[in-house]
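Chemist: build me a structure from this.
(2 chains)
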Amino acid sequence: MKSKVIVATTINGEELEFLCEPRQSLLEVLRDVLGLTGAKEGCNNGNCGACNVLLDGVLVNSCLVLGVEAEGRTVETVEGMASGGQLHPLQQKFLEHAALQCGICTPGFLLAAKSLLDHNPDPTEAEVRHWLAGNLCRCTGYDKIVRAVLDAADTV
Amino acid sequence: MQPFRYIRAHNAEHAATLLQQQDGRARILAGGTDLIVALREHRIEADLVIDVKGIPEVEELSFSPGEGLRIGAAAPCHRIYRHADVLHHYPGIIDAASLIGGIQIQGRASLGGNLCNASPAADSIPALIVHSAICEIALPQSRRRVPVEEFCVAPGKTVLGRGEFLASLHLPPPPPGFGAAYLRFIPRNEMDIAVVGVGASVQLDAERRHIRSARIALAAVAPTPLFVQEAGDALIGAEANEEAFARAAEIARAAARPISDMRGTAEFRRHLVGVLTQRALAKAVERANK
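Modeler: Numbering: from 1, shown residues only, chains lettered A, B, ... in the order given. A predicted model of the protein is given here:
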């Protein structure tokens, strides 16, 4: 019953294999098996968005995906956003606008915002707020996050 | 989470056979947005989880003018509301698919899953009912088809028996003069469960003046989503105007059997049924005129 399964996947551009139990969520696999602790466990039931990753480019809650479902897919986490020692423009703008305090929600917001700009490079404020409605932040009051995303959209 | 085995089904027969062999201890996995939470919270026990996402007909999303729309039971909302044919021919389905959860839920959640979860407040079910959707149910050796309004039988309960699962949904091609809409009331802008939801569809006559047929369905005002046939039938032959919409709304209000809970009182819900039925009909007629 507890036998583990080998899963072959691509995470942040790197092809790799991991072992997990079918009951382990992708979030647990990322954090506990692969040591990628960027995605956070907030509510663990799909309400808060702190565990957001891109699965084949689609924004998902990794707490609501089984690790075994990553077989043959590509996963992008916050660890893959910066490249060559350069922060992603969204990360840079989050810093400039002080769009974070405790930081727990930030990786999820960054992935959600990246997914928004992938679909809509020039969103309105209302579109940003709507897209980010599935991500909860209890520190910032959202305003600085929205401004950071709008500013990043102008930069990208 | 409780331990279970995981199998990717090759085809519908394979999935249905596995389901039957497990004697109620197997569950179908589509987007997982309900199932994984229920397994984690021990509201559901399972020895086997059967992933049906690799089955082409369960993932399919296709339209043809002759056949209408086929929505694989596991096709996620984000594919539905970005599909050019759905956008063009079925805006009433877009209404529902684009407001279930947030963006990250829509990346996984399917209309088939929303239906099988059988919540009385499910947003997609009134929209499917007013489009006269048919559920295609797979069994190990055969198929059966059930109109969507008969699919849910109690909160969380469906007509699915042992060894049966929902493979796809079929929506007939919209006839000329057809329009549909789904509206819900929630106390915030998004990410909430319907206090009341109302779906409406109309087919207008050739002059686009009189209503040839209409369907009205309600969410969150009864133990199951409610198809109010008499409210739609009352519009047959009527001129498509506010007076007729108000008459249908009155019948819908009378058919609602709401309870009072933290989302709203029974009285408020009944009021909302009236308001939303009129508005959904007006929107359906507006779309029928396009």
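Chemist: contacting residues for the residue of chain A found nearest chain B?
Modeler: Here the residue of chain A nearest chain B is residue A:134; by CB to the nearest CB that distance is 2.2 Å. To be clear about C-beta, it is placed using only N, CA and C from the backbone, and glycine gets the same treatment. Shown in contact with residue A:134 (CB atoms under 8 Å, 6 or more residues apart in numbering or on different chains): A:49, A:112, B:101, B:102, B:103, B:104, B:105, B:191.
Chemist: disregarding residues adjacent in the polypeptide, which is nearest to it?
Modeler: The spatially closest residue to residue A:134, leaving aside those adjacent along the chain, is residue B:102, at 2.2 Å (CB to CB, 6 or more residues apart in numbering or on different chains).
Chemist: how about the strands in chain A?
Modeler: Ranges of strands in chain A, per DSSP state E, are A:5-11, A:14-20, A:52-55, A:58-61, A:74-76.
Chemist: right, so those: which one is the most enclosed?
Modeler: Each of those was assessed for mean neighbour count using mean count of other CB atoms under 10 Å in any protein chain shown. The highest is strand A:58-61, with a mean of 28.
Chemist: please see if that one touches chain B.
Modeler: Yes. Between strand A:58-61 and chain B, judged by CB under 8 Å from any CB of the partner chain, the touching residues are A:58, A:59, A:60, A:61.
Chemist: in the sheet, which strands lie alongside that strand, parallel or antiparallel?
Modeler: On the basis of DSSP bridges, the sheet neighbours of strand A:58-61 come out as strand A:52-55 (antiparallel).
Chemist: could I get the buried residue list for stretch B:254-271?
Modeler: B:255, B:256, B:258, B:263, B:264, B:269, B:270, B:271 (16 or more other CB atoms under 10 Å in any protein chain shown).
Chemist: tell me who's in contact with the first one.
Modeler: With contacts defined as CB under 8 Å, 6+ apart, the neighbours of residue B:255 are B:218, B:226, B:228, B:230, B:231.
Chemist: near chain A, which residues of chain B are found?
Modeler: Within chain B, the residues that sit near chain A (CB under 8 Å from any CB) are B:1-6, B:29, B:31-33, B:36-37, B:39-41, B:47, B:49, B:51, B:53, B:76, B:78, B:101-105, B:107-108, B:189-191.
Chemist: could you count how many residues lie near residue 95?
Modeler: Using chain A. Applying other CB atoms under 10 Å in any protein chain shown, we find 12 other residues in the vicinity of residue A:95.
Chemist: my bad, chain B
Modeler: Neighbours of residue B:95 using other CB under 10 Å come to 23.
Chemist: just give me the residue right at the centre of chain B.
Modeler: residue B:125 (2.2 Å; CA atoms, centre = their mean).
Chemist: please name the spatially closest residue to that residue (chain neighbours excluded).
Modeler: residue B:225 (3.9 Å).
Chemist: quick one, what contacts the one you found?
Modeler: Residue B:225 makes contacts with B:120, B:122, B:125, B:126, B:129, B:149, B:152, B:217, B:218, B:219, as judged by CB under 8 Å, 6+ apart.
Chemist: out of these, name the ones that lie in strands.
Modeler: B:152, B:217, B:218, B:219.
Chemist: wait, doesn't the last one sit right on residue B:120?
Modeler: Yes. Counting by CB atoms under 8 Å, a contact exists between residue B:219 and residue B:120, whose distance comes to 6.7 Å.
Chemist: the two - which one has more neighbours?
Modeler: residue B:219 (30 against 22).
Chemist: so what's the backbone phi/psi at the spatially closest residue to the more buried one that is not a sequence neighbour?
Modeler: In space, and not counting its chain neighbours, residue B:219 is closest to residue B:197: 3.3 Å by CB to CB, 6+ apart. With angles defined as degrees, to the nearest 10, residue B:197 sits at phi -130, psi 140.
Chemist: wait, isn't residue B:197 in contact with residue B:119?
Modeler: No. The criterion here is CB under 8 Å, and residue B:197 misses it with residue B:119 at 10.6 Å.
Chemist: ok, the residue nearest to the centre of chain B - contacts?
Modeler: B:114, B:115, B:148, B:151, B:152, B:217, B:219, B:225.
Chemist: any idea how far it is from chain A?
Modeler: 20 Å (CB to the nearest CB, to the nearest Å).
Chemist: circling back: for residue B:197 and residue B:119, indicate the residue with more neighbours.
Modeler: Between residue B:197 and residue B:119, residue B:197 has the larger neighbour count (other CB under 10 Å), namely 32 against 19.
Chemist: find me the pLDDT at the more buried one, would you?
Modeler: Listed pLDDT for residue B:197 reads 98.
Chemist: who's the closest spatial neighbour of residue B:172, skipping the chain neighbours?
Modeler: The shortest distance from residue B:172 to any non-neighbouring residue, by CB to CB, 6+ apart, is to residue B:68 (4.5 Å).
Chemist: who's in contact with the one you found?
Modeler: B:170, B:171, B:172, B:173, B:174.
Chemist: one more pass at 7 Å, please.
Modeler: B:170, B:171, B:172, B:173 (CB atoms under 7 Å, 6 or more residues apart in numbering or on different chains).
Chemist: ranking those by neighbours, who comes first?
Modeler: For these, neighbours tallied by other CB under 10 Å; top is residue B:171, 24 neighbours.
Chemist: and residue B:146, what does it touch?
Modeler: If a contact means CB under 7 Å, 6+ apart, then residue B:146 has B:135, B:137, B:159 as its contacts.
Chemist: please name the nearest non-neighbouring residue to residue B:211.
Modeler: According to CB to CB, 6+ apart, the nearest residue to residue B:211 is residue B:235 (4.6 Å).
Chemist: roughly how far apart are that neighbour and residue B:285?
Modeler: 10 Å (CB to CB, to the nearest Å).
Chemist: buried stuff in stretch B:72-91?
Modeler: So, applying 16+ other CB under 10 Å, buried residues of stretch B:72-91: B:72-81, B:83, B:86, B:89-91.
Chemist: extract the CA atoms of it and return them as CSV.
Modeler: What follows is the C-alpha trace of stretch B:72-91 in CSV, where atoms were taken according to Å, rounded to 0.1, in the frame of the first residue of the first chain:
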residue,chain,number,x,y,z
GLY,B,72,-14.9,15.7,-21.8
ALA,B,73,-15.7,15.3,-18.1
ALA,B,74,-12.1,16.2,-17.1
ALA,B,75,-11.6,19.1,-19.5
PRO,B,76,-10.5,22.0,-17.2
CYS,B,77,-12.4,25.3,-17.1
HIS,B,78,-9.5,27.3,-18.5
ARG,B,79,-9.6,25.3,-21.7
ILE,B,80,-13.4,25.8,-21.9
TYR,B,81,-13.4,29.5,-21.5
ARG,B,82,-10.6,30.0,-24.0
HIS,B,83,-12.1,27.8,-26.7
ALA,B,84,-13.2,29.9,-29.7
ASP,B,85,-16.3,27.8,-30.5
VAL,B,86,-17.5,27.8,-26.9
LEU,B,87,-16.9,31.5,-26.7
HIS,B,88,-18.9,32.0,-29.9
HIS,B,89,-21.8,29.5,-29.5
TYR,B,90,-22.1,28.9,-25.8
PRO,B,91,-21.5,32.2,-23.8
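Chemist: great, nothing more from me.
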